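> Have a look; sequence and predicted model below, questions after that.
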Amino acid sequence: MERISLSSKKTKQGSILIIVLVTLIFTATALVAFLDKASNDLIVETHRRTADRLRLDAYSALNVTLAVLQDFYLAQNNALHSSNEGWGDPIGWSNWAPVDGNKIDVTFQDESGKISLINTKQTELNQMFLAWGMTQDNAEQLTDAILSWSKKNYVPQMGLSPDYEQMTLPYNAPLRSLRSYNELAAMDFAKDILFDENGQPNSYWWQFVNDFSLYNYQQPNINALNNDVLTGLGQFDVNTIQNLSNYMSGTGDYKVTTPLGVQWFKNETAIRSVSGQIGQPHQFTTTISALKILITVHEGTSLYHLSAVVAPKNGATTVVTTATDVRNGTSSDTSGETSTNTGLSGGKTSTSRASSSTPTASQTGTATTNSNIMFPFTILEILENDAILTPPPPPPPPPTSI
């Protein structure tokens with residue numbers, strides 16, 4: 001009996017030990033899961049707070065950039081032509097730096113160096129697509145697809161009208177100009193020629209984005225030197241395009257001794273002095289209608305990106321909503337549509353096609369006492385971080401044979 005009692009006691013002790021070990025395992029597993037979640041939450045919160053802090057610097061840099069642009073705009077008789085005028089480095093020009101010492105890069109893209117899609121004619125679309133290297137049939141079919149989508153009563157030149165009602169999910173063409181480049185994925189033929197077999201944008205899609213603007217203005221700015229537009233719309237040859245580039249960079253036969261060492265076209269006569277009788281300079285203007293400002297704030301390995309498209313007086317307008325002039329709050333569009341406005345630089349700007357996280361006055365550091373600060377520009381779009389359209393890196397060069 002005593003031996004049985006000792007065996008029973010050992011069995012009970014073993015059972016207790018197993019229960020303790022199992023409990024420790026579950027506790028350790030729960031603790032690891034908790035620490036992992038807490039770590040992820042901490043990382044997310046850290047990134048959010050970093051983004052909020054860098055965001056203030058980005059919008060401060062935008063205000064500084066607009067102030068510098070205003071100086072040059074007024075000095076050039078209420079016009080901007082090219083960054084060759086000297087405003088290409090607004091942070092350096094203003095000698096401004098954020099108080100926290102972060103590095104800020106500001107670059108520009110002349111949005112009006114593209115062709116305004118809403119004002120593009122059938123022949124101009126054909127010319128552009130042929131300049132890309134498309135066949136005549138493909139160029140005409142792509143033209144038909146775009147104009148059938150965006151124009152009422154358009155008669156396709158190829159005689160084929162897309163029937164979107166027969167799609168798996170039926171829909172109708174909107175019969176208005178594109179509001180997003182992503183609409184191309186829904187267009188007959190365009191979805192096949194501008195996208196790859198996986199439905200991803202191909203090189204033609206990016207070429208379309210780089211050559212056609214969704215904003216409304218009459219003529220592209222020749223000073224942007226968009227080679228596709230110079231070839232397709234301007235009908236300039238390769239040598240003439242090189243001469244135009246040399247003229248603006250002040251190199252080759254057009255070397256200049258000005259302090260900046262560069263120049264820009266101010267009128268059609270100046271263009272003709274370089275192009276001669278080649279091409280169609282009358283298709284272009286020499287002033288900026290829409291300027292994209294790209295701002296990147298660096299804090300160690302953290303980055304914050306801000307993109308804003310601004311238009312001078314009588315410049316580009318949106319085709320979606322009525323943009324608002326920041327100087328006096330008046331509409332600068334004739335579309336008849338309305339938009340929601342938010343404060344920036346003390347004035348009002350359109351949030352058309354903007355990120356949903358457009359800042360309030362308190363977020364940008366703009367006090368209500370600064371409500372009299374005005375810039376002679378209309379802000380057409382503000383995007384932040386992932387919402388900014390960024391082209392993929394170029395493919396690696398093909399391997400060389402030995």
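Nice, I can see it.

> What helix or strand is the closest residue to residue 156 other than its chain neighbours located in?
Excluding the flanking residues, the one nearest residue 156 by CB to CB, 6 or more residues apart in numbering is residue 144, at 4.0 Å. Bear in mind the C-beta positions are built from the backbone N, C-alpha and C, glycine included. Secondary structure assignment for residue 144, by DSSP states H and E: helix 136-150.

> Report the distance from that helix to the chain centre.
25 Å (CA atoms, centre = their mean, to the nearest Å).

> Next, the buried residues of the following helix or strand past that helix.
Next along the chain after helix 136-150, taking DSSP H and E as the criterion, comes helix 190-193. Neighbour counts over helix 190-193 (16 or more other CB atoms under 10 Å) mark 190, 193 as buried.

> Any buried residues in the helix holding residue 144, and which?
Applying a neighbour-count criterion of 16+ other CB under 10 Å, one finds 138-150 buried in helix 136-150.

> Please name every helix or strand in contact with that helix.
Identification of packing neighbours for helix 136-150 by 3 or more CB pairs under 8 Å, 6 or more residues apart in numbering; DSSP states H and E yields helix 122-131, helix 190-193.

> which residues are contacting the last one?
Outside helix 190-193, the residues within contact range by CB atoms under 8 Å, 6 or more residues apart in numbering are 138, 141-142, 145-146, 149, 184-185, 204.

> and the residue lying closest to residue 315 once chain neighbours are set aside, what does it touch?
Of all residues not flanking residue 315 in the chain, residue 289 sits nearest, at 4.3 Å (CB to CB, 6+ apart). Going by CB under 8 Å, 6+ apart, residue 289 touches 111-112, 215, 217-219, 221, 311-312, 315-316.

> hmm, 6 Å instead?
112, 217, 315-316 (CB atoms under 6 Å, 6 or more residues apart in numbering).

> Show me the shaky parts of the stretch 301-402 of the chain.
Applying pLDDT under 70 to the stretch 301-402 of the chain flags the ranges 321-373, 394-402.

> ditto for the chain
For the chain (pLDDT under 70), the answer is 1-14, 37-47, 321-373, 394-402.

> Recalculate using a threshold of 90.
Within the chain, the stretches with pLDDT under 90 are 1-53, 98-101, 152-172, 252-253, 255-261, 300-302, 319-376, 386-402.

> in the chain, which spans are strands?
Here the chain has its strands, by DSSP state E, at 103-110, 115-116, 212-213, 291-299, 302-312, 341-344, 347-350, 377-384.

> angle of the last one against strand 302-312?
Strand 377-384 and strand 302-312 meet at an angle of 150 degrees, taking axes from the mean of the first three to the mean of the last three CA atoms, to 10 degrees as the criterion.

> for the first one, same thing?
Between the direction of strand 103-110 and that of strand 302-312, the angle (the same axes, to 10 degrees) works out to 40 degrees.

> Adjacent strands (with direction) for strand 103-110?
When pairing is defined by DSSP bridges, strand 103-110 lines up against strand 291-299 (antiparallel).

> Kindly format the C-alpha coordinates of the strand it pairs with as CSV.
Provided in CSV are the C-alpha atoms of strand 291-299 (Å, rounded to 0.1, in the frame of the first residue of the first chain):
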residue,chain,number,x,y,z
LEU,A,291,3.3,74.1,-63.2
LYS,A,292,3.8,71.0,-61.1
ILE,A,293,5.8,71.6,-57.9
LEU,A,294,7.3,68.4,-56.5
ILE,A,295,8.6,68.6,-52.9
THR,A,296,10.5,65.9,-51.0
VAL,A,297,11.3,66.3,-47.3
HIS,A,298,14.2,64.1,-45.9
GLU,A,299,14.7,63.2,-42.3
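
> Figure out how far it is from the centre of its chain.
Offset of strand 291-299 from its chain centre (CA atoms, centre = their mean): 11 Å.

> again with stretch 18-30
The answer for stretch 18-30 is 54 Å, by CA atoms, centre = their mean.

> And stretch 28-39, by the same measure?
Offset of stretch 28-39 from its chain centre (CA atoms, centre = their mean): 40 Å.

> what about the helices in the chain?
2-75, 90-94, 122-131, 136-150, 190-193, 203-211, 227-232, 238-249, 268-275, 361-364 (DSSP state H).

> for those, which one sits closest to residue 297?
Across those, residue 297 has its closest neighbour in helix 2-75 (4.4 Å, CB to CB).

> rewinding a little: any chance of the strands of the chain in CSV, plus distance to residue 263 and mean neighbour count?
Output for the strands of the chain, formatted as CSV (distance: least, CB to CB, whole Å; neighbours: other CB atoms under 10 Å):
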stretch, distance to residue 263, mean neighbour count
strand 103-110, 16, 17
strand 115-116, 24, 23
strand 212-213, 25, 23
strand 291-299, 19, 20
strand 302-312, 21, 22
strand 341-344, 33, 20
strand 347-350, 32, 25
strand 377-384, 24, 26
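
> Looking at those strands, which is nearest to residue 196?
With CB to CB, the closest approach to residue 196 among the strands of the chain belongs to strand 212-213: 19.8 Å.

> quick one: strands adjacent to the closest one?
Its sheet considered, strand 212-213 pairs with strand 115-116 (parallel) by DSSP bridges.

> Having no further points to raise, I will conclude here.
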